[in-house]
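[1] my questions are about this predicted structure, shown below with the sequence.
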Amino acid sequence: MKTIRGESKKYLEIDLGKRSWSVFSPTEADLRDYIGGKGLGLKMIHDRLGNRLGALDPLDPDNILAFMMGTFLATGAPCSARFAGVTKSPLTGIMVAASCGGPFGMACKTAGWDGVLVSGQAAEPTVVHIDEAGVRFEAAGELWSMETGPAQSRLVDNPRQGALLIGPAGENGVLYSVIRSGHRYLGRGGMGTVMGAKNLKAIVATGLSCRIEPADPVAFARLNKKARTMINRNAFVRSYRAYGTNFGVNPGVDAGYAPVRNFRDRTDERCRNLSGEAMAERYHTTHAVCAPCTVLCGHKGTYPDGVKRHIPEYETIGLWGGNLMNFDPDIIGSWNDRMNELGIDTISCGATVGWAMEAAEKGLRPSQLAFGRTDNIAGILDDIAWRRGEGADLALGSRRLALKYGGLDFAAQVKGLEMAAYDPRAGWGQGLNYAVANRGGCHLNAYPIALEALFKFIPQYSTLSKASWVAFMEDLFSATNSTQTCQFTIFGYLLEPPIARFTPKPLLKLAMTLLPEVAQLVLDWSALSGLVSAITGRPIGMRAFLKSGRRTHVLERCMNLACGITAADDTLPRRFLEEAITKHPVKSVVPIESLVKAYYRKKGYDADGVPTPRLLRRLGLPSLVLPSVVGAAR
Amino acid sequence: MSMAIGDKCIGCTACVKACPVGAISGEKKSRHDIDPARCIECGACGRLCPTGAVSDSQGVPVVRLLPRAAWAKPVFDLRHCISCAACADHCPVTCLALSTGQPGGLACWPSQSAPEKCVSCGLCAFYCPMDCIAIRQSAGERNHP
């Protein structure tokens, strides 16, 4: 078996229109500056589309869909099953990057390819096969219009293979359709729609023909052991391991971040029926993970109807539970399965259905949907995927619907991407995170709600230190998404080294609230950056690692500015800025203007949210398509 | 990369029956073929071949050394196991089982429920995130003639 040291540095470029493929290698400078994964994917799209990016229709054949394997994958590092997808989103019209832990990544990287860039549009529905020898094109035939589960069983029939595929939603242009791999998904921003527009049903990789070995095996073994110990010891990881992401349900009811009645109430005691603890007991859950994984947040269990199902993630539970006034976990399990089969993003769809229920209540748009009514939801899901009846409308997402019928104030979206199941009024940092996140209402941009409501390191209802933590965490998460390891491991890397672990918690809280920059200086994520160095053989310190994350984040911001984003888009729906009274005892609205202003300062943007020339010079980005970007934004 | 069958093949079908992923095809008494896209290079075909017709991806013939019961098997070091179940999920011959209910300990842990089915492919060790699994012969069997 061939051995690859760290990375093969070989990327496939597939043109579906011409049915041709070629191999290219990125420059050493790009690999050093962007690491891999999301960062390198954005840079490659930027270099290829250049000035055309702004005006490009995301469903145009010229749009590029990049699947990037990152550095950790297949090396045996903690949570090294993840890969990234990057493209211009049809839902938001700006860049979107997503992370997935399915078997495609392992198969593609061990076939010797560090990434795949797909462009063009096939003349007929196509399946692309990748192996170490290259690329084959096959007609999709009857696989087209097949649901994801049966199609995947047909495409993958041995342990060496991994597939990426779309369901009917992606084929029919539902703007928030997903790409599936195994039982994991590239979920947000409608990547499946881009794949469908390219007439690409699936990419199947056949791997396990190369062994990936770190460039420095001794340092790797030492750091890997250290990293595993830290991740295993971390309380956040242990909670997720026991109850999955639904561990967050009960704290949400207490802290008031639970989405209830289309984000009107913030809390409802009945949501506790849907908690990870309750479901672990009800369904006798066991793990179902993206292997190899060290966190183990994925769970499966046996439902009362005898069917073994994957337990829905927290976001699905939140948006299809309390958000629609439904407190029955069994029915959410079956809807979750249905959406996975059809290839629908459960977050965007849940928030859109929530908006439609409130719009019907307010008489803005006639609908059969109503809070608390569950009998018609399964039918609606099929209608959305096949774009029939009311489903044709709902397939557009909440922003387009709100612009059509009115009701933008209560559409839970930012920049067109629906929010995840955290009410921003319960953590002003989370509000800022939603407002400024590059891909829209994304909870994983910086995830400050963990610091605010789960660990309670920084106060929920205060602007103190929020801009600093959001700016810091999004740089760190951007770098993490470039290595493509799991974001949930970050709290292990950050909080388990001795300095954070042995500092008394009140002192840590005080430092993180009043002196966030000092706290950030003493935090230590050298194990994570050390692993990158050991794998690639390119030394990168923890500050350079953070700077690489900032470079990726600013590059994405610049690309979004080119796509037409302005400072006016960095805000929240009016519900979260004006409606202070909810069922939760604490009255709160997010003071978004002052938070965004402080964030721009921290980040090095000017008052219009445009990165300053000084920042671009410091990050080595002056050669971007920026002259046109800055011109357009002013 | 995959195993390959050479001219010595007599078409006995022993390898066809042993292949855990159904990668070998061929009629009885005619030379068999391995589908390189399916082969996981476990080497079971080579270790069973009565004529030594199978060679590995480097072209080195696989020698029939031991009876099947003495093939290398996964050995579990449960001190670091985190109950992720990745080993059992990826086993192509489902020879691993997950036991549950150890009081105060792991939620579940792997063991070999059907050692006679194991083909020493090593996929369980490959997917183990904690390096708890080693593929080796047990001490007694190592001295087998």
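    That came in fine, so what should we check first?
[2] phi, psi for the residue lying closest to residue A:234 once chain neighbours are set aside please.
    Nearest residue to residue A:234 in three dimensions, chain neighbours excluded: residue A:492, at 3.8 Å (Cβ to Cβ, 6 or more residues apart in numbering or on different chains). Yep, even glycine has a C-beta here, placed from its N, CA and C like the rest. Dihedral pair for residue A:492: phi -70, psi -50, per degrees, to the nearest 10.
[3] same question, the one 3 residues further on
    For residue A:495, the backbone dihedrals are phi -100, psi -10 (criterion: degrees, to the nearest 10).
[4] go on, residue A:314?
    Torsion angles, degrees, to the nearest 10, at residue A:314: phi -60, psi -40.
[5] same question, residue A:258
    phi -70, psi 130.
[6] same deal with residue A:340?
    Dihedral angles for residue A:340 - degrees, to the nearest 10 - are phi -60, psi -40.
[7] chain neighbours aside, what residue packs nearest to it?
    That would be residue A:148: by Cβ to Cβ, 6+ apart, it lies 6.6 Å from residue A:340.
[8] does the most centrally placed residue in chain A count as helix, strand or coil?
    Taking Cα atoms, centre = their mean, the centroid of chain A lies closest to residue A:98, which sits 4.3 Å from it. Under DSSP: H, G, I helix; E, B strand; the rest coil, the three-state class of residue A:98 is strand.
[9] hmm, residue A:84 and it touching each other?
    Yes. The criterion here is Cβ atoms under 8 Å, and residue A:98 meets it with residue A:84 at 6.9 Å.
[10] show me the longest helix that occurs in chain A.
    As assigned by DSSP state H, the longest helix anywhere in chain A is helix A:542-562.
[11] just the buried residues of that helix, please?
    A:542, A:544-562 (16 or more other Cβ atoms under 10 Å in any protein chain shown).
[12] pLDDT of it, averaged?
    Averaged across helix A:542-562, the pLDDT comes to 94.
[13] cool, stretch A:148-165 as well?
    Rounded mean pLDDT across stretch A:148-165 is 92.
[14] buried ones in that stretch?
    So for stretch A:148-165, counting by 16+ other Cβ under 10 Å, buried means A:148, A:151-152, A:155-156, A:158-165.
[15] end-to-end on it?
    One end of stretch A:148-165 sits 7 Å from the other (Cα to Cα, to the nearest Å).
[16] can you report how many residues neighbour residue A:254?
    13 (other Cβ atoms under 10 Å in any protein chain shown).
[17] which non-adjacent residue is nearest it?
    Nearest to residue A:254 is residue A:267, by Cβ to Cβ, 6+ apart, at 7.8 Å.
[18] then residue A:424?
    Nearest one to residue A:424, counting by Cβ to Cβ, 6+ apart, is residue A:431 at 3.3 Å.
[19] tell me the pLDDT of the one you found.
    Reported pLDDT for residue A:431: 95.
[20] which residues are in contact with the residue nearest to the centre of chain A?
    A:84, A:85, A:86, A:186, A:187, A:188, A:189, A:191 (Cβ atoms under 8 Å, 6 or more residues apart in numbering or on different chains).
[21] how about the contacts made by residue A:73?
    A:80, A:81, A:82, A:83, A:105, A:106, A:109, A:212, A:484.
[22] pLDDT score assigned to it?
    Looking at residue A:73, the pLDDT reads 91.
[23] quick check on it: phi, psi?
    The phi/psi pair for residue A:73 (degrees, to the nearest 10) is phi -50, psi 130.
[24] pLDDT value on the closest residue to it other than its chain neighbours, please?
    Setting aside the residues directly before and after it, residue A:73 is nearest to residue A:109 in space (Cβ to Cβ, 6+ apart), at 4.7 Å. pLDDT, residue A:109: 94.
[25] okay, now residue A:109: neighbour count?
    Residues near residue A:109, counting by other Cβ under 10 Å: 29.
[26] go on, residue A:177?
    For residue A:177, using other Cβ under 10 Å, the count is 35.
[27] okay, it and chain B: tell me how far apart.
    Distance, residue A:177 to chain B, using Cβ to the nearest Cβ, to the nearest Å: 27 Å.
[28] which residues does that residue contact?
    A:166, A:167, A:169, A:170, A:190, A:191, A:192, A:193, A:196, A:343, A:344, A:345.
[29] could you rerun that using 7 Å?
    Residues near residue A:177 by Cβ atoms under 7 Å, 6 or more residues apart in numbering or on different chains: A:166, A:169, A:170, A:190, A:192, A:193, A:196, A:343, A:344, A:345.
[30] residues touching the residue in the stretch 301-450 of chain A that chain B sits nearest to, list them.
    Proximity of the stretch 301-450 of chain A to chain B (Cβ to the nearest Cβ) peaks at residue A:301, 12.4 Å away. By Cβ under 7 Å, 6+ apart, residue A:301 lies in contact with A:279, A:283, A:284, A:285, A:309, A:311.
[31] quick one: name the residues of chain B near chain A.
    Counting by Cβ under 7 Å from any Cβ of the partner chain, the residues of chain B lying close to chain A are B:1, B:21, B:37-38, B:40-41, B:57, B:82-86, B:89-90, B:92, B:108, B:123, B:127-130.
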